[in-house]
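>>> need coordinates for the below:
(one chain, ligands or ions: 2)
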Amino acid sequence: MTDPSTSSGTGASSGTGASWGTGASSGTGASSGTVVVAIDGPAGSGKSSVSKQAARRLGYGYLDTGAAYRALAWHALEHGVDTSDAASVLDVVGDFAFGIALDPDAYGVRVGEADVTEAIREPRVSDAVSGVARVPAVRESVNAMFRTLVDSSGYPGVIVEGRDITTVVAPDAPVRILLTAAPEVRAARRAGEVSTHDAASVAAALHKRDAADSTVVDFMTAAPGVVVVDSTDLDFDGTVDAVLDVVRAQLALDAEGTNA
Ligand SMILES: Nc1ncnc2c1ncn2[C@@H]1O[C@H](COP(=O)(O)OP(=O)(O)O)[C@@H](O)[C@H]1O
Ligand SMILES: Nc1ccn([C@@H]2O[C@H](COP(=O)(O)OP(=O)(O)O)[C@@H](O)[C@H]2O)c(=O)n1
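Ligands and ions are numbered 1, 2, ... in the order given. Next comes the predicted model:
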């Protein structure tokens, strides 16, 4: 599943790649020269599935940042930690050994030796993840890990998707996209994936998580320079094409030096 080179511990990752996404515009957004395509958006907008397919088409890597927060929530639950208590969450960050594959055709997530690729999608993890993600020290630690993963990826580019990638993690990336869709469309898509819960409870959980997450990051409004792709009326392939159109247009502008 995961290549060891794609592993990163929160402790081991700090201090490297510090200029990633925060330095002067470099044409890549990464200190390693890796092109960063930053995609944010709410739950069920298509970030993961669309980013993965777009990465395949571009020959890029794909980094699912939500998987890191989910894996940390899983890790905290394994330790019996109350995920609504910031101090308790921070206690378990120290031995959080996170691994993720950036290959869009070999997606996998682990914590230590455990393959948690499926487990982190369980409703109990979805319910706990916002509590973990709202702790500022957790976010700083995880963001440093993302920079290390991208800088050492070996890919010419990486599509990085999450909630705060266009604004906090990679504000200088040459391509920044906010992927949205109407709330009822997002809920219906997510309900189609989860067979263990009825559609109404899936929708309620998704809206509750969006509300909790939006107290930490504004992922519903495009920051200046961020291009909106609204997938409400697009099918999956149409959304991938729309994202790729933006990537090509923004990279062309960047190459001309006009993508300020
Ligand atoms: N434009 C689209 N039209 C129809 N279904 C889509 C579209 N984009 C994504 N999906 C489907 O919706 C579900 C949620 O997408 P996902 O990528 O997990 O969203 P996110 O990562 O934003 O939560 C998946 O089953 C995915 O295949
Ligand atoms: N960059 C990110 C990515 C995810 N998250 C958190 O991690 C959770 C899970 O992210 P996800 O991308 O797997 O969620 P979905 O949008 O796929 O439902 C979110 O609900 C946020 O609480 C975050 O805070 N910042």
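>>> got the residues of the protein near ligand 1?
Selection of the chain residues close to ligand 1 by CB under 6 Å from any ligand atom yields 41, 43-50, 189-190, 193, 231, 234-236, 239. Quick note: C-beta positions are derived from backbone N, CA and C, even for glycine.
>>> at 8 Å instead, please
Within the chain, the residues that sit near ligand 1 (CB under 8 Å from any ligand atom) are 41-52, 64, 66, 161, 179, 181, 185-186, 189-190, 192-193, 231, 234-236, 238-239.
>>> from those, which land in strands?
Mapping these onto strands (DSSP state E) picks out 64, 161, 179.
>>> could you report the pLDDT at the closest residue to Ala54 other than its chain neighbours?
Spatial nearest neighbour of Ala54, excluding adjacent residues (CB to CB, 6 or more residues apart in numbering): Val243 at 5.0 Å. Model confidence at Val243, given as pLDDT, is 98.
>>> Val243: neighbour count?
28 (other CB atoms under 10 Å).
>>> packing partners of the strand or helix carrying it?
Assigned by DSSP states H and E, Val243 belongs to helix 236-256. In terms of contacts (3 or more CB pairs under 8 Å, 6 or more residues apart in numbering; DSSP states H and E), helix 236-256 is packed against strand 35-40, helix 47-58, strand 175-180, strand 227-230.
>>> and the contacts of the shortest one?
So the one you mean is strand 227-230. Residues from elsewhere that reach strand 227-230 (CB atoms under 8 Å, 6 or more residues apart in numbering): 176-181, 222, 239, 242-243, 246, 250.
>>> show me which of the residues of the chain next to ligand 1 are buried.
Among these, those classed as buried by 16 or more other CB atoms under 10 Å are 41-48, 50-52, 64, 66, 161, 179, 181, 185-186, 189-190, 231, 234, 239.
>>> distance of Thr215 relative to Leu179?
Counting by CB to CB, to the nearest Å, the separation of Thr215 from Leu179 is 21 Å.
>>> export the helix holding Val243 as CSV, just CAs?
Extracted C-alpha coordinates of helix 236-256, given in CSV (Å, rounded to 0.1, in the frame of the first residue of the first chain):
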residue,chain,number,x,y,z
PHE,A,236,-18.3,13.6,-12.5
ASP,A,237,-16.4,13.7,-15.9
GLY,A,238,-17.6,17.2,-16.6
THR,A,239,-16.3,18.4,-13.2
VAL,A,240,-12.9,16.8,-13.9
ASP,A,241,-12.8,18.6,-17.2
ALA,A,242,-13.7,21.9,-15.7
VAL,A,243,-11.0,21.5,-13.1
LEU,A,244,-8.4,20.6,-15.7
ASP,A,245,-9.4,23.6,-17.8
VAL,A,246,-8.7,25.9,-14.8
VAL,A,247,-5.4,24.1,-14.2
ARG,A,248,-4.2,24.6,-17.8
ALA,A,249,-5.4,28.2,-18.0
GLN,A,250,-3.8,29.2,-14.7
LEU,A,251,-0.5,27.4,-15.4
ALA,A,252,-0.4,29.2,-18.8
LEU,A,253,-0.9,32.5,-17.1
ASP,A,254,1.7,31.6,-14.6
ALA,A,255,4.2,30.8,-17.3
GLU,A,256,3.5,34.2,-18.9
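>>> list the buried residues in that helix.
For helix 236-256, burial by neighbour count (16+ other CB under 10 Å) applies to 239-244, 246-247, 250-251, 254.
>>> could you check the angle that helix makes with helix 47-58?
60 degrees (axes from the mean of the first three to the mean of the last three CA atoms, to 10 degrees).
>>> low-confidence stretches in the stretch 1-150 of the chain?
Low-confidence segments of the stretch 1-150 of the chain, defined by pLDDT under 70, span residues 1-31.
>>> hmm, the residue nearest to Ala54 is touching Lys52, no?
No - between Val243 and Lys52 there is no contact under CB atoms under 8 Å: 11.1 Å.
>>> can you give me the helices in this structure?
Assigned by DSSP state H, the chain shows helices spanning 10-13, 47-58, 65-78, 86-93, 123-133, 136-151, 183-193, 199-213, 236-256.
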